[in-house]
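1. what follows is a protein structure lacking sequence information:
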């Protein structure tokens, strides 16, 4: 009888927990942008909207350089408008301003919170520039989910002077590369804004942090899919409220009614693994057509990573005979004496290698390939 009673009590406890979680999620999903969560903290201080307005004024008038964009965003977030103006990164085209629903940003924050099991009182580190969506969404997640957010000046080494540990953080690959030895301070880390190299993935194998690569854009209010970096699986899993398919070019189409009112057609070539997962291949608008052979720069870059220590990218230049030829641009002060690409398909091998001291890039760390190409100085072909 005692054993039966224990089973019944365990079942009741389980049902109670399920009910509590269901209620928690239901309440969470009803959250709006009108007031911060009661547990929300910014740099260790509880704030309501009035306090945030005062803080924003101070950031704008007498704050440090990186704080002014934070103040401007806070004012936009707590004003009476239901929409907010965001700017795209400009990595694949001309930067543009778009109008985004604040409720869509709230919904995105909740989706991220649900996926990573973020709870009120969890700590989060914001170390990205507030000019773009990634940093703004860190604030929104804290505001909506009741996180304790600490904002530090954006830099390429965000954890160098930080002694605390955090439950959640977002970085770009360059920041992650420079933070490997400090990752024990982060429980869950999301990384996006630029492609991760295979070398960096290998470095993360011994990390205690749960690191995830994200897929998304400003138009989808940050990420809509994630991939665990230390997993043997190479595909992204979309959030529950997101539907995906491909068009005739094998480019990803996204339907996310909680985030955007109309489907988004991307130029990202993908391979659908299932209705909820995909493998990213490359950008349709960067495909190189060399003598009728179509070459994905992103795939070729993965093959070339073992040859080059520094950052590099693959692109193309016009050619009278082939239409386009493959070229490589390396971020390096002086040319390599030799480069041997014998293991690469001859058709895909870079026909010219160019060197430049520093790549042009967006604030989020994406390389501006076309702007960088305009500055290159020719070097001898590699073979």
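-> Perfect, thanks for sending it. Everything quoted here is computed from the prediction, not taken from an experiment.

2. per-domain residue ranges of this structure.
-> Here the domain parsing of the chain from automatic domain parsing is 41-241, 287-378.

3. mean pLDDT for those: which is lowest?
-> Among these, domain 287-378 has the lowest mean pLDDT, at a mean of 87.

4. what is residue 323 paired to in the beta sheet?
-> residue 319 (DSSP bridges).

5. contacts only, for it.
-> 289-292 (C-beta atoms under 8 Å, 6 or more residues apart in numbering). Quick note: C-beta positions are derived from backbone N, CA and C, even for glycine.

6. residue 75 reaches residue 49, doesn't it?
-> No - at 10.5 Å, residue 75 does not count as touching residue 49 under the criterion of C-beta atoms under 8 Å.

7. OK, contacts around residue 359?
-> 311, 313, 329, 331, 367-368, 372.

8. tell me the one of those residues nearest residue 98?
-> residue 368 (19.5 Å; C-beta to C-beta).

9. nearest residue to the closest one other than its sequence neighbours?
-> Distances taken as C-beta to C-beta, 6 or more residues apart in numbering place residue 360 nearest to residue 368, at 4.2 Å, with adjacent residues excluded.

10. can you say which of the domains of the chain is nearest to residue 265?
-> Among these, domain 41-241 sits nearest to residue 265 (C-beta to C-beta), with 10.4 Å.

11. distance between the ends of the closest one?
-> Length of domain 41-241, first residue to last, C-alpha to C-alpha, to the nearest Å: 28 Å.

12. just name whatever secondary elements the strand ranked longest in the chain is in contact with.
-> Ranked by residue count, the top strand of the chain under DSSP state E comes out as strand 264-274. For strand 264-274, the elements it packs on are strand 243-246, strand 251-255, strand 277-283, judged by 3 or more C-beta pairs under 8 Å, 6 or more residues apart in numbering; DSSP states H and E.

13. try it again at 10 Å.
-> Other elements packing on strand 264-274 under the criterion 3 or more C-beta pairs under 10 Å, 6 or more residues apart in numbering; DSSP states H and E are strand 210-217, strand 236-238, strand 243-246, strand 251-255, strand 277-283, helix 297-304.

14. how many other residues sit next to residue 123?
-> By other C-beta atoms under 10 Å, the residues close to residue 123 number 18.

15. so what's the residue count around the residue nearest to residue 368?
-> Residue 360, neighbours per other C-beta under 10 Å, totals 15.

16. taking the centroid of this structure, which residue is nearest it?
-> Geometric centre of the chain, nearest residue: residue 192, 2.4 Å, by C-alpha atoms, centre = their mean.

17. let me see the contact set for the residue lying closest to residue 209 once chain neighbours are set aside.
-> The shortest distance from residue 209 to any residue other than its chain neighbours is 4.3 Å, reached at residue 183 (C-beta to C-beta, 6+ apart). Residue 183 is in contact with 159, 169, 171, 176, 189, 203-204, 206-211, counting by C-beta atoms under 10 Å, 6 or more residues apart in numbering.

18. what pairs with the longest strand of the chain, and is each one parallel or antiparallel?
-> Next to strand 264-274 in the sheet, as set by DSSP bridges, lie strand 251-255 (antiparallel), strand 277-283 (antiparallel).

19. tell me the mean pLDDT for that strand?
-> Strand 264-274 comes out at a mean pLDDT of 95.

20. hmm, back to that, could you dump the helices and strands packed on strand 264-274 into TSV and include mean neighbour count?
-> As requested, these are exported to TSV (neighbours: other C-beta atoms under 10 Å):
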stretch	mean neighbour count
strand 210-217	20
strand 236-238	22
strand 243-246	16
strand 251-255	19
strand 277-283	18
helix 297-304	18
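
21. residue 105 is nearest to which of the ones you listed?
-> Of all those, it is strand 210-217 that lies closest to residue 105, at 12.5 Å by C-beta to C-beta.

22. about what we covered before: would you format the helices and strands packed on strand 264-274 as TSV with distance to residue 196 included?
-> TSV is the format used below for these (distance: least, C-beta to C-beta, whole Å):
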stretch	distance to residue 196
strand 210-217	6
strand 236-238	12
strand 243-246	21
strand 251-255	18
strand 277-283	11
helix 297-304	10
